[in-house]
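Participant: Next one to model:
(one chain, ligands or ions: 1)
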Amino acid sequence: MNDLEITGLTYSYGREAKALDGVGFAVPRGSIVGLLGPNGSGKSTLIRNVFDLLRSQSGTITVDGLPHTAPEAKRKAVYLSSNDYLPEFLTAAEYTAMIARFYGLEADRESALDLCSRFAMDGRYDDLIEDYSHGMRKKTQLMTALLVRRRLTVIDETLNGIDLEAMHLAEKELAGLRDDGLSVLLCTHDFPVLERLADRIVFLDRGRVVHDAPTAELVADHGSLDTMVRSHLESGDR
Ligand SMILES: Nc1ncnc2c1ncn2[C@@H]1O[C@H](COP(=O)(O)OP(=O)(O)OP(=O)(O)O)[C@@H](O)[C@H]1O
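Facilitator: From the prediction side, this is the model:
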């Protein structure tokens, strides 16, 4: 069973060249899949297609077996965007409650306060987001996703910008989602994090899948993900 399955996904912005060209891969249930690719390779376009923020043009996307445009599919997935735009006029508590309500859930205050304390945001849960630093906003996005615990969590470079201690905890929490049988699609340029955490890697370049394999296999074949990416970018295969 796959929590996310994409086949033949092609997308062009207007008359521009294809941003995605026949992309297909899966996020198997209870796994963490790393999505990797140079700037402009199509990662954000892919994620926006998955969340129906861009209307897909050809190919299929299913979330837990359901077409991604179905309201039930949308309730199964949570998206953490790469920016840190959050409603400034809300407190983190109000923001979390609002997002939880979108999913028909109640945000559990005790769990939220526990997460705040572990993410070094003690006593800040009821402060306005406008007073938060960039890192605190990123942590608020992450804590919200950890509270709503959807079948599929998609993270678009959200972890970039949080400090080392928070990163360590984030890794543990994401592994915890996997331990609970949930899945994560993690888009980041942080190779060591992917090597520690991701079960599989999907490497995109110019809108096409270059590698889709278990992380251990790619590391065994290339030495490291860093070397794998560099050798592809320097090769004539692009
Ligand atoms: N709104 C847009 N209009 C036209 N072209 C776009 C638009 N958004 C992205 N593109 C193009 O689509 C291609 C894929 O971009 P996308 O943002 O999906 O890549 P990415 O892998 O997420 O890049 P990055 O790592 O820089 O975030 C690029 O050629 C980009 O210029």
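
Participant: Bridge partners for the residue nearest the centre of the chain, pull those for me.
Facilitator: By C-alpha atoms, centre = their mean, the mean C-alpha position of the chain lies nearest to I155, the distance being 1.8 Å. Bridge pairing for I155 (DSSP bridges) gives the partners L80, L186.

Participant: With G34 instead?
Facilitator: Taking DSSP bridges as the rule, G34 bridges to L186, I201.

Participant: do you know how far it is from the ligand?
Facilitator: From G34 across to the ligand, the span is 13 Å (C-beta to the nearest ligand atom, to the nearest Å). Any C-beta I mention is one placed from the backbone N, CA and C, and that applies to glycine too.

Participant: and that residue, what is it in contact with?
Facilitator: G34 is in contact with 186-188, 194, 197-198, 200-202, 215, counting by C-beta atoms under 8 Å, 6 or more residues apart in numbering.

Participant: go again using 6 Å as the cut-off
Facilitator: By C-beta atoms under 6 Å, 6 or more residues apart in numbering, the contact set of G34 is 186, 194, 198, 201.

Participant: cool, and V78?
Facilitator: Applying C-beta under 6 Å, 6+ apart, we find V78 in contact with 145, 148, 150, 153.

Participant: residues near the second one, how many?
Facilitator: Same thing as V148. Using other C-beta atoms under 10 Å, V148 is surrounded by 17 other residues.

Participant: for the first one, same thing?
Facilitator: The number of residues packed near A145 is 22, by other C-beta under 10 Å.

Participant: I'd assumed L152 was in contact with it.
Facilitator: No - counting by C-beta atoms under 6 Å, A145 stays clear of L152, with 10.4 Å between them.

Participant: Kindly reformat the contacts of V78 as a markdown table containing pLDDT and secondary structure.
Facilitator: Below are the contacts of V78 laid out as a markdown table (pLDDT from 0 to 100; DSSP: H, G, I helix; E, B strand; the rest coil):
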| residue | pLDDT | secondary structure |
| --- | --- | --- |
| A145 | 95 | helix |
| V148 | 96 | helix |
| R150 | 97 | coil |
| T153 | 98 | strand |
